[in-house]
Every structure is written in structure tokens, then in C-alpha cells.
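Asker: What shape does this take:
(one chain, ligands or ions: 2)
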Amino acid sequence: MTDRKAFINKKRIVVKVGSSSLTFKDTGHINLTKMEKLIRQLADMKHSGLDVILVSSGAQAAGISVLNLQSKPLDMDKKQAVASVGQASLMRMYQKFFREYNIIAGQVLITKDITTEEKSRNNVINTFNALLDYGTIPIVNENDTVATDEIEFGDNDTLSAIVATLVKADLLILLSDIDGLHTKDPVRHEEAELIPKVMEINGDILKMATGSSTLVGTGGMVTKLQAAMIATQAHIDMVIANADRPYVLLDILAGEDVGTLFKAL
Ligand SMILES: Nc1ncnc2c1ncn2[C@@H]1O[C@H](COP(=O)(O)OP(=O)(O)O)[C@@H](O)[C@H]1O
Ligand SMILES: N[C@@H](CCC(=O)OP(=O)(O)O)C(=O)O
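Answerer: Ligands and ions are numbered 1, 2, ... in the order given. Got it, this is the predicted structure:
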């Protein structure tokens, strides 16, 4: 079996969706159509018997909508307040959509320092396992009131890789607004080419990545490669793919060559 064909046997999947894949490019407001397309695929995955964990950004984007702002505020405390309002709204939308497909969503807000504290780490692992035993889809975001890494650096990418290691996932999928890792940022360089597979994240690969080009995204490709390093070192395959591709998740799980595969070490 090729690397991709083996994906049909993956059982526990962590999916991370970035703000850029949940929002309108020009306004930064939440795009419900995009959200529903994602949820339908996640529901089908769940109904087919997979364990699904969703790491979702979008708290600040949802907060912009709720507070009717023109854009993300610049001050950190205001961004945290916008995320606080937005996270509640984001979860309400997820729970409403998932309920239509008979799926219960649980909220998990964490910070990356849980990995260094054994007690917290075990609490988080136990909660994930219990949520999966109850048949729910845990929806994870950084606790933006306690920590500012994600708001500052867009580090939900690395947070999703940490979650993948904690739940012992078989596959981590990062959905974004680009088709995968390119030789350069394709938004700024139209000659950039897609890299279908990365066996080793070396200096040449790291040089290709730069920051975000969108209103709402933060980490760009830099934090996605950091996530790939964490996942692959933990023997977890990772794929970066475009959330706008119809049925992107189902195609990846069917073994199709979608996006960029970072092969587990
Ligand atoms: N080498 C690269 N290949 C692909 N995208 C890149 C690269 N370098 C930088 N990027 C940028 O990364 C962006 C995706 O990251 P980001 O905006 O943070 O999305 P998300 O909200 O999904 O996390 C792309 O829109 C692109 O502009
Ligand atoms: N906790 C923040 C996450 C920000 C973040 O990581 O954004 P992204 O680069 O779009 O994944 C929020 O929900 O707005």
C-alpha cells in the first residue's frame, strides 16, 4: 500500500481549521456556508466510525461579528476580550450545526503549558478520552484569556499537533486557505509550486515558509511546519490541505493525493 492508500485504515483523526477557512476574506466575519461544509464532512467521518477531534480557530473572527467591529483590534487585551465573546458564539454555531446531524460537541480550552505539567496533562488526556467514549466531537481552542500564544503567533497549528500527540492520533489534518506547502508563499508569488510530500523537514523546507497573508490568519506556514515537526516526531502523519476543496477531508481519508503529506518519522 502507498502512504496515501494506507490512510483508509486511520481511525483517530485530529482536524485543525484556521480562521481563514471559516471567514470571508474581505471582512473577516464568520462564513456559515464554509462552516457547514466542514461540519457535514466531520459528521460523516464520525458516523463512519472514526474518532474525530476538531481544533478550531475563529474565536476572534466570531467576536468581530458579534461586536460588529470592522477588524481585529490591535491591543492584546482587546483581542482577548473579542476572543472571549467570540468563543461562546463559535461554540453555539458548532453545537447548532452538529446537533442537526445528531452529534454532540464538547468544548476543550487549553494552553500549551499542559504538556510540561504532568497533572494537567493527565487531566486533559482523561477528558479527551471520556469525551470520545461518550461519542462526542471535542472542539479545542486555546484558552485566549490565560495565554496569548495563538492570538500572537497563530499557534493553534502547534496546539493541534500537541493535541494529536495527547490523544495518540493516527493522522493530523490542517485545513487552511492554500492547497498545501508551496516552494514560496503562493499568494505573493504566483510561480510557487505545490510540494506533494515531505519526508524530512530540513533547512530547505523551513526556508519556504513565511507568515500569513490574510486579515484573520496569524501564523502562516511557519507555525504549520512547527506543527509538522511535532506530529511527525511523534510518529503521526500530517496533511496540509485547502478547506475550500469540496469533500477535502473525505478525499484525504479515501487515500487521494490531496495537499502536502508530511510523513511520520
Ligand atoms: N511556502 C508557503 N506555502 C503556502 N502558503 C504559505 C507559504 N508561506 C506562507 N504562506 C501563507 O500561509 C497562509 C496560511 O496561513 P494562515 O493565514 O495562518 O492560515 P490559517 O488561518 O489557516 O492558519 C497562506 O494564505 C499563505 O499566504
Ligand atoms: N484562539 C485564536 C486562534 C488564532 C489562530 O491560531 O488563528 P489561525 O492562524 O487562523 O489558526 C482564535 O480562535 O481566534
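Asker: For the stretch 101-250 of the chain, which segments count as helices?
Answerer: Here the stretch 101-250 of the chain has its helices, by DSSP state H, counting those that start in this stretch, at 118-133, 149-153, 156-166, 203-208, 220-233, 248-253.
Asker: Give me the secondary structure label for residue 13.
Answerer: Three-state call for residue 13 (DSSP: H, G, I helix; E, B strand; the rest coil): strand.
Asker: Output stretch 222-234 as CSV, nothing but the C-alphas.
Answerer: Backbone C-alpha positions of stretch 222-234 (Å, rounded to 0.1, in the frame of the first residue of the first chain) are rendered in CSV as follows:
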residue,chain,number,x,y,z
VAL,A,222,5.8,28.9,9.7
THR,A,223,3.7,27.5,12.6
LYS,A,224,2.3,24.8,10.3
LEU,A,225,5.8,23.5,9.8
GLN,A,226,6.4,23.6,13.5
ALA,A,227,3.2,21.5,13.9
ALA,A,228,4.5,19.1,11.3
MET,A,229,7.8,18.7,13.3
ILE,A,230,5.9,17.9,16.5
ALA,A,231,3.5,15.5,14.8
THR,A,232,6.0,13.6,12.6
GLN,A,233,8.4,13.2,15.5
ALA,A,234,5.5,11.6,17.5
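Asker: Number of residues surrounding the closest residue to residue 54 other than its chain neighbours?
Answerer: Nearest non-adjacent residue to residue 54, counting by C-beta to C-beta, 6 or more residues apart in numbering: residue 139, 4.9 Å away. For glycine as for every other residue, the C-beta is placed from the backbone atoms N, C-alpha and C. By other C-beta atoms under 10 Å, 23 other residues sit near residue 139.
Asker: what is residue 139 paired to in the beta sheet?
Answerer: Beta-bridge pairing for residue 139 (DSSP bridges): residue 54, residue 107.
Asker: Point out where this protein drops to low pLDDT.
Answerer: Low-confidence segments of the chain (pLDDT under 70): 150-154, 212-218.
Asker: I'd like the distance between residue 26 and residue 224.
Answerer: Distance, residue 26 to residue 224, using C-beta to C-beta, to the nearest Å: 23 Å.
Asker: So those two - more neighbours on which side?
Answerer: residue 224 (26 against 7).
Asker: give the contact list for the closest residue in space to that one that isn't next to it in sequence.
Answerer: Nearest non-adjacent residue to residue 224, counting by C-beta to C-beta, 6+ apart: residue 157, 5.0 Å away. Going by C-beta atoms under 8 Å, 6 or more residues apart in numbering, residue 157 touches 16, 18, 174, 219, 223-224, 226-227.
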